[in-house]
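[1] For reference, the sequence and a predicted model appear below.
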Amino acid sequence: METGGFANSRFCKAQLAAKGADFELTDVGDADDNTTALKALPHVVHDFTTAH
């Protein structure tokens, strides 16, 4: 059984996908919450600014 933060993300993705959501998860590695946010935010901004 997978544990940890990314395991929770996979669980949430499955729950949202069951309701029709379609998105990708990106594993930014072993990091605390703040570091994860700093690594992920540029990708989030890019996705929002390039969405059609």
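    Right, received. Where do you want to start?

[2] check contacts around the residue most central in space within the chain.
    Against the mean C-alpha coordinate of the chain, by C-alpha atoms, centre = their mean, the closest residue is L25 at 4.1 Å. Residues counted as contacts of L25 (C-beta atoms under 8 Å, 6 or more residues apart in numbering) are 6, 9-10, 13. Using the backbone N, CA and C atoms, a C-beta is placed for each residue, glycine as well.

[3] which intervals of this structure have sub-threshold pLDDT?
    1-3 (pLDDT under 70).

[4] Just give the number of residues close to R10.
    Residues lying near R10 (other C-beta atoms under 10 Å) number 13.

[5] SS state for it?
    helix (DSSP: H, G, I helix; E, B strand; the rest coil).

[6] And for the one 3 residues further on?
    For K13, the secondary structure call by three-state DSSP comes out as helix.

[7] My read is that it contacts T26, right?
    No - counting by C-beta atoms under 8 Å, K13 stays clear of T26, with 11.3 Å between them.

[8] Please say which of the two ends up with more neighbours.
    K13 (15 against 11).

[9] Which residue comes closest to that one once chain neighbours are left out?
    Sequence neighbours aside, L25 is the residue nearest to K13 in space, at 5.7 Å (criterion: C-beta to C-beta, 6 or more residues apart in numbering).
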